[in-house]
Each structure stands twice: as structure tokens, then as C-alpha cells.
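Asks: fold the following.
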Amino acid sequence: MKALLQTPVLLAQAAGVAWRASRLPEAAGKRRGRAGEGAVLRLLIAGDSSAAGVGVTRQADALSGQLVAALADDFAVDWRLEAASGATAARTRARLAGLAPARFDVAVLALGVNDTTRLVAPARWTAQYAALADLLAARFGVGRIYATGVPPLDRFPALPQPLAGVLGARAGRGAPGLAGRARAPGGGGRGGAVMTRAGSGSAWARGEPGATTATDQSR
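Replies: Have a look, this model is predicted:
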């Protein structure tokens, strides 16, 4: 009953958080390029504000820049960034579906916060994430997907109560179809997951054996 009574408040707070977050600037700089020498690694980075570089001024200091710089020690990295503030799994799939077909070896997905703050139902979120994984394999030939977990939203000072508590509980259980399907060592629901082409995105979302392996990114 308490949760039901809080629903209008939660929806209003979630809408306000989404509006304020959409006004934060994304990092400036290149969103595709090539760096390093060695075997070619074709890398696609997609996701929300955490991938788009909100919080820093240059893409070189954001996820894409730091990741490419690290990989360039061992590979010739052909990379591309497709990210936007407010992106969800469904919006990211739609964005990528609008691109011309291309080939990538690896995709890094930074998603989950906006699906959580928008109170997307777990079953719907799972299906949308699975559809995104299927698209990456079918349209872009991605053989391995690295997906970040959901951060502890209850510790975000910008989130008001009771929304922060509710979102923190959801994040602590892990993203349905992400950490909920591929637990990191030690059982941490906030670790990331790795999906290989051994299983389709649909198989991954259903938690079929062999579809996923996990890596602990929560430490």
C-alpha cells in the first residue's frame, strides 16, 4: 500500500530528474577515429550520458577516450562512439538501427541508469536489452559485448527521496537481463557482464546456459 501511495510522487520525481539530466552538456571532441598499432580491433561504444562524456569537457577524458588510449597500446583501434544523454536500451537500439551496416569486433554498452530512473518494468527492460544485443550481432557482426552494471543510485546526491531509495533497491538487484542474468564473481549485482556470440541476445535475456560469462567491474 505504501508503494502504491508513493507512485505519483515517484513518477513526478523521475520526470524531474530526467529533465535536469538532459540539460547537462556532453563532452566535446571526436566520436570516431583510429589509434594505435598492431592487430585491428573494431570497437563500438554505445550508451547514455556516462558514455557520452557528461561530467568532463573533452571526449579524450571520457569513457571512449580512456578506453581507446588503453587499447591502443596493443591494437590498432578503429572506434566509434554512439551515445546520448537520456539514452535507454530501446533508444540506443533505435539509434543504432538507423546507422549504415558496419563491422565491429567488440561493443561496449553503458546503459541502465535511464531505464531505472524511468521505472521501466523489468520484463520490458530485459526484452529491450536482448533486442539491442541481437541487433549488434546481426547488423554489426559484434562477437563480444561488454555491458556495464547499474551504479548505486541511492548514493547519488542529485536524486531526491523517496526516489533515491527505490532506485537504489532496483539497482542493487542488478539490471534484469544484465547482472541479473550473468552474475559477477562474488554475486555482486552491480558488476558488468560479457556476452559472446555463443548465445543470441534473446538467449542471454532468458539466462540460457552458455549465453553469458561475467566479469566483476564493481571493485
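
Asks: count the residues that sit near Ala131.
Replies: Residues contacting Ala131 under the criterion other Cβ atoms under 10 Å number 17. C-betas here are computed from N, CA, C, even on glycine.

Asks: count the neighbours of the closest residue to it other than its chain neighbours for me.
Replies: Leaving aside its chain neighbours, Ala131 sits nearest to Arg93 (5.6 Å; criterion: Cβ to Cβ, 6 or more residues apart in numbering). By other Cβ under 10 Å, the residues close to Arg93 number 21.

Asks: thought Leu135 was touching Arg93, still the case?
Replies: Yes - here Arg93 reaches Leu135: they are 5.6 Å apart, a contact under Cβ atoms under 8 Å.

Asks: low pLDDT regions in this structure?
Replies: Applying pLDDT under 70 to the chain flags residues 1-6, 14-23, 154, 168, 170-219.

Asks: which residue ranges form the helices in it?
Replies: Secondary structure of the chain (DSSP state H): helices located at 2-22, 49-52, 63-71, 89-97, 113-117, 122-140, 163-172, 201-206.

Asks: among those, which is nearest Arg31?
Replies: Arg31 lies closest to helix 63-71 among the helices of the chain, at 7.3 Å (Cβ to Cβ).

Asks: isn't Glu26 right up against Gly53?
Replies: Yes - Glu26 is within contact range of Gly53, at 5.5 Å (criterion: Cβ under 8 Å).

Asks: identify the contacts common to the two.
Replies: Ala83 (Cβ atoms under 8 Å, 6 or more residues apart in numbering).

Asks: neighbour count winner among those two?
Replies: More neighbours surround Gly53 than the other of Glu26 and Gly53, with 25 against 19 (other Cβ under 10 Å).

Asks: tell me, how many residues neighbour the residue nearest to that one when sequence neighbours are not counted?
Replies: Nearest non-adjacent residue to Gly53, counting by Cβ to Cβ, 6+ apart: Ala27, 2.7 Å away. Using other Cβ under 10 Å, Ala27 is surrounded by 22 other residues.

Asks: please report how far Ala27 lies from Gly55.
Replies: Per Cβ to Cβ, to the nearest Å, Ala27 is found 8 Å from Gly55.

Asks: anything in contact with each of these two?
Replies: Ala62.

Asks: who does the residue nearest to Leu43 when sequence neighbours are not counted bridge with?
Replies: Nearest residue to Leu43, sequence neighbours excluded (Cβ to Cβ, 6+ apart): Trp79, at 4.3 Å. Residues in a beta bridge with Trp79, per DSSP bridges, are Gly33, Leu43.

Asks: Trp79 touches Gly65, doesn't it?
Replies: No - taking Cβ under 8 Å as the definition, Trp79 is not a contact partner of Gly65, at 9.6 Å.

Asks: who has more neighbours out of those two?
Replies: Neighbour count, other Cβ under 10 Å: between Trp79 and Gly65, Trp79 has more, with 26 against 21.

Asks: residue contacts, that one?
Replies: Counted by Cβ under 8 Å, 6+ apart, Trp79 has contacts 32-35, 42-45, 64, 68.
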